[in-house]
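Colleague: Fold the following.
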Amino acid sequence: MELECWGEDWGITSVDPECLKILAFAKFSGAPLVQKSTNNPFWSPKGNLPVFRHNGIVLTDFLAVAKHLKSCNYSADYNLTNKQISEAGAFINLMEESLKPALQYITWVDTKNHINLTRVWFGKHLPFPYGLFYPNRYEKAAVRLIESLYPQFSEFGEIGNDTEVETAVYKAAQECLTLLSNRLADSHYLFGMSASSVDAVMYGYLAPLLKAPYPNNTLQNYLKNCSNLVRFVVRISQNYFPKVVKSFDERGHQEQKSEQGSTEGRQEAEEREAEWPNQTRNKVEIKQNKNQEQGRK
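Modeller: Reported below is the predicted structural model:
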């Protein structure tokens, strides 16, 4: 079993929600899934990632992959009752209807995020010349999705920042986050101490929203105020993807040390520059005093 997907960054094993959902479900179910961070959707069936491959079977969406893994006796839902399975399905539908469009919006439609984060990331990680093609394709797909969900606002107007569409997208996402936070409460996972498929979907959407360095971070700040959802993301990252978290933390410490070193170096240089005219003046004054003493003699 292998999953071709977008690579890790920001302390999470993949920057893409769809990839994260499958990777998390595989971890929860114990499936021997191998992650291949190709960052290249050219050979994928739909021109996007993830792509799941197993024994000649090729799948591209979470529900199909989860169903296939269950048929191979890898499931994260064995401990759930029929009622809990129905409730989990309802929460998954809620997240698909609210959080998925919100992430598409803030990643591809929000101008500030799109220019300063999304374009930069994909341009850096996609092989040339795909970095010139796929971001445009994904942006257009996100715009079509938002316009289809909010046709009453987008038919004759803009859908970008400071519009009714943005307000509607944020409102739906915030209501969803509040419901998830209330349902999770103080539990480790939505249904107690064991992670299930709904937790995989939840992690897939919350982790990028929490960890990505969005310049326009209105929805991210709302999520950060839901402290139990933040702990949920951190718990799964540390328990199931510890190497990714450790690697990210180490890079952060190294960057911090290098910044401190460069700052100290600049300060020393500035101090030397500030001392230089004083030292020269002092030398001149000493030489003048010596000449005066010799003249008196």
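Colleague: The residue lying closest to V143 once chain neighbours are set aside: neighbour count?
Modeller: Computed as C-beta to C-beta, 6 or more residues apart in numbering, the closest residue to V143 that is not its neighbour in sequence is V109, at 6.2 Å. C-beta coordinates here come from the backbone N, C-alpha and C atoms, glycine included. Applying other C-beta atoms under 10 Å, we find 24 residues neighbouring V109.
Colleague: I'd assumed I146 was in contact with V109.
Modeller: Yes. If you go by C-beta atoms under 8 Å, V109 and I146 touch, sitting 6.0 Å apart.
Colleague: Need the overlap of contacts for those two.
Modeller: Common contacts of V109 and I146 (C-beta atoms under 8 Å, 6 or more residues apart in numbering): I159.
Colleague: tell me the contacts of the residue nearest to V143?
Modeller: Contacts of V109 (C-beta under 8 Å, 6+ apart): 139, 142-143, 146, 159-160.
Colleague: now what about the strand or helix carrying Q152, what contacts it?
Modeller: Using DSSP states H and E, Q152 sits within helix 151-154. Helix 151-154 is contacted by residues 146-147, 159, 163-165, 168 when judged by C-beta under 8 Å, 6+ apart.
Colleague: buried set for the one helix or strand S86 maps to?
Modeller: Assigned by DSSP H and E, S86 falls within helix 82-104. Buried residues in helix 82-104, counted by 16 or more other C-beta atoms under 10 Å: 84, 87-88, 91-92, 94-95, 98-104.
Colleague: next one: stretch 24-31
Modeller: Buried residues in stretch 24-31 (16+ other C-beta under 10 Å): 24-29, 31.
Colleague: measure P135 to L94 for me?
Modeller: From P135 over to L94 the distance is 29 Å, taken as C-beta to C-beta, to the nearest Å.
Colleague: gap between stretch 31-50 and the chain center?
Modeller: Counting by C-alpha atoms, centre = their mean, to the nearest Å, stretch 31-50 is centred 18 Å from the centre of its parent chain.
Colleague: Next, the contact list for the residue most central in space within the chain, please.
Modeller: The chain has P208 as the residue nearest its centroid, 2.9 Å off, counting by C-alpha atoms, centre = their mean. Each residue near P208 by C-beta under 8 Å, 6+ apart is listed here: 10, 12, 15-17, 20, 103.
Colleague: try it again with 6 Å
Modeller: 15, 17 (C-beta atoms under 6 Å, 6 or more residues apart in numbering).
Colleague: Now name the helix or strand holding it.
Modeller: helix 197-211.
Colleague: and the helix or strand that that helix is followed by, average pLDDT?
Modeller: Note on helix 197-211: by DSSP H and E, the next helix or strand toward the C-terminus is helix 218-224. Across helix 218-224, pLDDT averages out at 98.
Colleague: what's in contact with helix 218-224?
Modeller: With C-beta under 6 Å, 6+ apart, helix 218-224 has contacts from 170, 173-174, 177, 209-210, 214.
Colleague: Give me the buried positions along it.
Modeller: Quick answer for helix 218-224 (16+ other C-beta under 10 Å): 219-220, 223.
Colleague: how distant is stretch 177-186 from the center of its chain?
Modeller: With C-alpha atoms, centre = their mean, you get 21 Å for stretch 177-186.
Colleague: what do you get for stretch 89-105?
Modeller: On C-alpha atoms, centre = their mean, the centre of stretch 89-105 falls 16 Å from that of its chain.
Colleague: Residues in contact with that stretch: which ones?
Modeller: 17, 142, 145-146, 149, 169, 172-173, 176, 198, 201, 205.
Colleague: Leaving out chain neighbours, which residue sits closest to L20?
Modeller: That would be G204: by C-beta to C-beta, 6+ apart, it lies 3.9 Å from L20.
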